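# missing the sequence, but the structure's below:
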Ligand code: DX5
Ligand code: ZN
């Protein structure tokens with residue numbers, strides 16, 4: 001099973017974002033994960049479209065922009081314009097989720113949907129065919145460096161089954177508490193894109209960190 005590793009810039013040195021982004025590209029990252037927080041949907045505030053635009057200039061890697069914001073439809077066009085490749089909106093933040101996904105599609109971006117830990121797979125059953133990627137939150141969004149929530153493994157299996165049942169090509173990503181220890185569990189349950197913040201930026205050698213997460217995931221036989 002091929003596994004993609006996407007470092008989350010949330011744990012990078014924000015004073016040196018361009019350098020940090022270049023460093024993970026050189027270290028073998030498959031894409032870069034950017035966490036956008038509004039202080040309302042989650043209890044933290046991070047960055048906006050201007051900073052995404054700056055990050056875009058520092059790497060050729062695809063940018064996954066994870067919108068942890070209310071009323072994401074108001075800002076999706078700005079993040080698209082800023083250079084996002086995949087835009088994730090949260091199920092819990094969208095009253096008209098299908099419409100919000102269509103908005104991302106119309107902007108020619110990869111369409112992503114994210115689920116909080118308590119949100120069931122059932123909540124995306126009827127929109128699954130309209131997305132390119134699902135992000136299963138394996139911590140409560142808002143902060144880096146939190147502990148992996150173990151019941152996420154069963155949820156991932158349910159999602160994998162549903163994706164297969166509908167014969168879809170949807171990428172299943174996981175976000176939160178992912179490291180070389182948790183990678184085998186989530187890959188075994190059906191995830192193929194691993195977002196990791198602290199487990200990459202909290203280590204002295206980014207290449208070694210990324211390789212060890214990838215290796216731990218790819219060692220799983222499915
Ligand atoms: C959580 C963010 C994650 C976070 C992951 O709110 O969406 O992307 O940065 O960080 P780690 O890997 O440190 O749990
Ligand atoms: Zn994230």
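On my side now, so go ahead. No experiment lies behind these values; they were computed from the predicted model shown. Ligands and ions are numbered 1, 2, ... in the order given.
# List, one by one, the residues from the chain near ligand 2.
Contact residues, the chain versus ligand 2 (C-beta under 5 Å from the ion): 35, 66, 175. The C-beta positions use only the backbone N, C-alpha and C, and glycine is treated the same way.
# Try it again at 8 Å.
8, 10, 33-35, 66, 68, 88, 114, 135, 137, 141, 175-176, 195, 197 (C-beta under 8 Å from the ion).
# SS state for residue 64?
Following DSSP: H, G, I helix; E, B strand; the rest coil, the label given to residue 64 is strand.
# Show residues contacting stretch 7-21.
Identification of contacts with stretch 7-21 by C-beta atoms under 8 Å, 6 or more residues apart in numbering yields 24, 29, 32-35, 46, 51, 54-55, 57-59, 143-145, 175, 195-198, 200-202, 206, 210.
# likewise stretch 206-218?
1-3, 5, 7, 23-24, 26-29, 178-181, 183-184, 186-187, 194, 196, 199-200, 203.
# in that stretch, what counts as buried?
206, 209-210, 212-214, 216-217 (16 or more other C-beta atoms under 10 Å).
# which ones are touching residue 151?
With C-beta under 8 Å, 6+ apart, residue 151 has these contacts: residue 117.
# now do residue 197
Residue 197 sits next to 7-11, 33, 144-145 when contact means C-beta under 8 Å, 6+ apart.
# what about residue 16, how many neighbours?
Neighbourhood size, residue 16 [other C-beta atoms under 10 Å]: 11.
# SS state for it?
Per three-state DSSP, residue 16 ends up helix.
# who in this protein is up against ligand 1?
Residues of the chain found near ligand 1 (C-beta under 6 Å from any ligand atom) are 8, 10-11, 33, 35, 66, 139, 141-146, 175-178, 195-199.
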